[in-house]
Structures are given as C-alpha cells and as structure tokens.
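Q: Okay, predicted coordinates and the sequence, questions at the end:
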Amino acid sequence: MNFYFDLHCHPGTKPYLSGLHLEDKDDCWKVYENPLVKITCSQSAYTQLDNGNVKLAVVPIYVMEKEFTQTFLIEHIAPTLTLLDAKMLGEVQIGDGLDHLFGEIQILENSLSQNADDTPKAQFLTTMDKFDSGKINIVLAIEGAQGFVNGPNSMVENLTMLKNHPKYRFLYLTLIHATRNYCGTHAYAIKMLKGTNKFKPGGEGLTDLGKELIDLAYDEEKGKRILIDIKHMSLVSRLDF
C-alpha cells in the first residue's frame, strides 16, 4: 500500500491550546468535531494521519502571535464556541515564546503512544535513516520567528540553541507569519480582523535582524542547517531573500 507525505500540518496546536496545565490538555489523537465552527475541527490529528496512511509529516510548531489572542474574536468569542481555553489564550499573551514552543513539542511527544502501555505509533524523526514505515514519522519545523522572540536571550542566541538542540531537529523556519515582527515585512493575510493595524504589513523587506537569522539558519558551522520557508513573506522580503 502506498503511503502519504504531508509537508505542513498541525496535530499539536489545538491540543496545546485546549487547557492551561499539562494535565488539562487533550492529547494529539483526539479528533475535534464542531458543526458550528468548521475551522476548529481537527484536520491532522494523529488519528487522522494514521487513518489516512500518512507515514511522514512535517509538523511546524506554531506559537500563536499575541496579536491574535488580543482580538475580540479570539479572546472572547472563540473560547465559548471552540475548544480553545480562555486562560491558556491569556497565558499566550504574557508567556515566553520558547516556553510555548517547547510546550507544544511536549504535547506532541507525550502523545506518540495512544496510551501508556502501547508501543509508540508515531516517532520524531531526526535523520531519514531512522524512518519507520510502520509509524507516523514526524519532522519538526517552526512556524514564525515569534516562537523564539521572547526569553532572556536574543533571537540570535535562541535560534543558535535550537540549531544545536541535543534532542530535536528542525527542518525549516517560517521566518515571518501573519503579524508584524522584527524580521521583515509579511504578506497581507488577515483582512477579516478589523480595528487594528497589527496584521497589516509594515516596513519594506527584510530587516538586518531577519538577514542575520537567515544566514545563521543556513550556517552549518553554527549548528544543524535549518531551511527558510518564504511563505508569508511579502514580495519585497522574498526578493531580499
């Protein structure tokens, strides 16, 4: 039987936002169904990947931008209609990006088995020679530099740490996402959210920090190479790249 490959899916994002504390969060096998708000339904839960015979999946870790959590729709409406936990959304507003990045990784990792007694049906993949066609092989990535913009160290120091992490390996970094960040100009993506300029592109092209992070990501003398995903970059940022 043929198997499938998914370059970009998020089995951990909804479970991570489903509760404030680890013991309150759902695992990544749970399939969410909501007839009222279709976008909140599961689209890549481990169960769905398994049923669809997906054996290789790139899973970008997405730390929700604070600007999303501060919109009326997400902050007040979403918790009443969806699985999103209001206290968890509040924690995203004030929390450390790296804490949330590794928090979602922990949810993904804790869910590799369907229960504590099972042999893992999924595994994190760091080299292709460990690919196992009998499991869901997960390759980690990072969606948005906001995932390491906070913390006591600079973004350069944090990216260096991620490149040299002893346990996890990241295939690519989506440098810019849907809100303004320190790296460059993004493409206009969220026009439905009114009353704020935070989602509108600002600046022109890549910043000096953005260029430094790109060079660092590819520099194999400073750790494992991380590719740069240009999705969400503005045209000028792409030309700069």
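A: Looks like it arrived, so ask away.

Q: How about Leu83: what's its closest non-neighbour residue?
A: Excluding the flanking residues, the one nearest Leu83 by C-beta to C-beta, 6 or more residues apart in numbering is Ser18, at 4.9 Å. Heads up, the C-betas are built off the backbone N, CA and C, glycines and all.

Q: What of Leu227?
A: Nearest residue to Leu227, sequence neighbours excluded (C-beta to C-beta, 6+ apart): Tyr172, at 4.1 Å.

Q: same check, this time on Ala57
A: Ala57's closest residue in space is Asp6 (C-beta to C-beta, 6+ apart), at 4.5 Å.

Q: who touches the one you found in this structure?
A: Residues near Asp6 by C-beta atoms under 8 Å, 6 or more residues apart in numbering: Ser44, Leu49, Val54, Leu56, Ala57, Val58.

Q: Check the secondary structure at the closest residue to Lys66 other than its chain neighbours for me.
A: Of all residues not flanking Lys66 in the chain, Gln93 sits nearest, at 5.2 Å (C-beta to C-beta, 6+ apart). Secondary structure for Gln93, judged by DSSP: H, G, I helix; E, B strand; the rest coil, is helix.

Q: Against His177, how distant is Gln93?
A: 16 Å (C-beta to C-beta, to the nearest Å).

Q: residues contacting Leu159?
A: Phe148, Leu173, Leu213, Leu216, Ala217, Ile226.

Q: among those, which are in helices?
A: If you go by DSSP state H, the contacts of Leu159 have Leu213, Leu216, Ala217 in helices.

Q: From those residues, pick the one nearest Lys231.
A: Ala217 (15.0 Å; C-beta to C-beta).

Q: dump the residue contacts of the closest residue to that closest one other than its chain neighbours.
A: Closest residue to Ala217 apart from its sequence neighbours, by C-beta to C-beta, 6+ apart: Ile226 at 4.3 Å. Ile226 is in contact with Ile142, Leu159, Leu162, Lys163, Phe170, Leu171, Tyr172, Leu173, Ala217, Tyr218, counting by C-beta under 8 Å, 6+ apart.
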